[in-house]
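In: Kindly generate the corresponding structure for this input.
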Amino acid sequence: MANSEPAILRKAVSRLYDAFRESVESIGSVSPVDISVRQHQTMSLVCRLTEEKPNGVTLKELAEAMKLAPATVSELVESLVKKDFLQRVQNPEDRRAVQITLTPHGQTLLDESIKHVEGLCEKLLNGLSAAERSAMLGALTKITNKL
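Out: Residues are numbered from 1 along each chain as shown. The predicted model follows:
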C-alpha cells in the first residue's frame with residue numbers, strides 16, 4: 001500500500017508542502033520577517049481576492065475562502081496588520097464595512113516570496129526532461145482544476 005499511486009501522490013504533496021514551508025521561512029534571510037506559512041497563505045489569498053475586488057475583501061469573505069472560522073481569520077488578519085502586511089480600510093460606500101487589503105510592504109514581501117518559491121520550483125523542474133516536465137505540468141493542471 002505504501003507504493004500505491006495515492007500514497008505516492010500524498011508523499012509528493014507532503015514533501016512539496018514542506019519545501020514550500022521551508023522556502024517561506026527562509027525568506028527571512030533575504031529580508032528579516034517573522035511570518036508563518038498560514039500568514040503567508042492569508043496574504044496570498046487577500047492578494048488573489050483583491051484582483052477581483054480592488055477595494056478589498058471583507059473578513060467574512062476571507063474566512064469563507066479559507067474555510068476557517070471568522071474569529072480565527074480575524075486573529076490572522078490582526079497579526080498581519082500589526083506587522084504592516086495587511087491593512088483595514090473603511091468602505092467608502094458603507095462606513096460600517098471594513099475591507100482588507102495588502103499594504104505596499106505586504107505586496108513587496110509577497111512578491112519576494114513568489115520569486116523565492118518560483119526559484120525553488122525551477123530547480124525542481126530542471127531535473128526533468130522536457131517530456132517529463134510537460135507530462136507532470138499537464139497532470140498537475142488537471143489535478144488543480146479538479147480541486
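In: Residue 98 belongs to a strand?
Out: Yes. According to DSSP: H, G, I helix; E, B strand; the rest coil, residue 98 belongs to a strand.
In: Show me which residues of the longest helix anywhere in the chain are buried.
Out: The longest helix of the chain (DSSP state H) is helix 104-126. By neighbour count with 16 or more other CB atoms under 10 Å, helix 104-126 contains the buried residues 106, 109, 110, 113, 116, 117. Where you see a C-beta, it was placed from the backbone N, CA and C, and this is true even at glycine.
In: Can you tell me which of those residues is nearest residue 78?
Out: The closest of those to residue 78 turns out to be residue 106 (CB to CB; 13.9 Å).
In: My guess is that closest one contacts residue 82. True?
Out: No. Residue 106 is beyond contact range of residue 82, at 11.9 Å (criterion: CB atoms under 8 Å).
In: Now for residue 58, how many residues are close by?
Out: Look at residue 58: counted by other CB atoms under 10 Å, it has 16 neighbours.
In: Quick one: name whatever helix or strand follows the helix or strand of the chain with the lowest mean pLDDT.
Out: Among the helices and strands of the chain, helix 27-30 carries the lowest confidence by mean pLDDT, DSSP states H and E, at a mean of 55. Next in sequence after helix 27-30, counting helices and strands by DSSP states H and E, comes helix 37-52.
In: Tell me how many other residues crowd residue 68.
Out: 16.
In: Would you mind giving the secondary structure of it?
Out: On the three-state scheme (three-state DSSP), residue 68 is labelled coil.
In: okay, and for the protein, where does confidence drop off?
Out: Across the chain, the ranges flagged by pLDDT under 70 are 1-2, 23-33.
In: From residue 86, how far off is the most centrally placed residue in the chain?
Out: By CA atoms, centre = their mean, the chain has its centre lying nearest to residue 41, at 3.3 Å. The gap separating residue 41 from residue 86 is 13 Å, by CB to CB, to the nearest Å.
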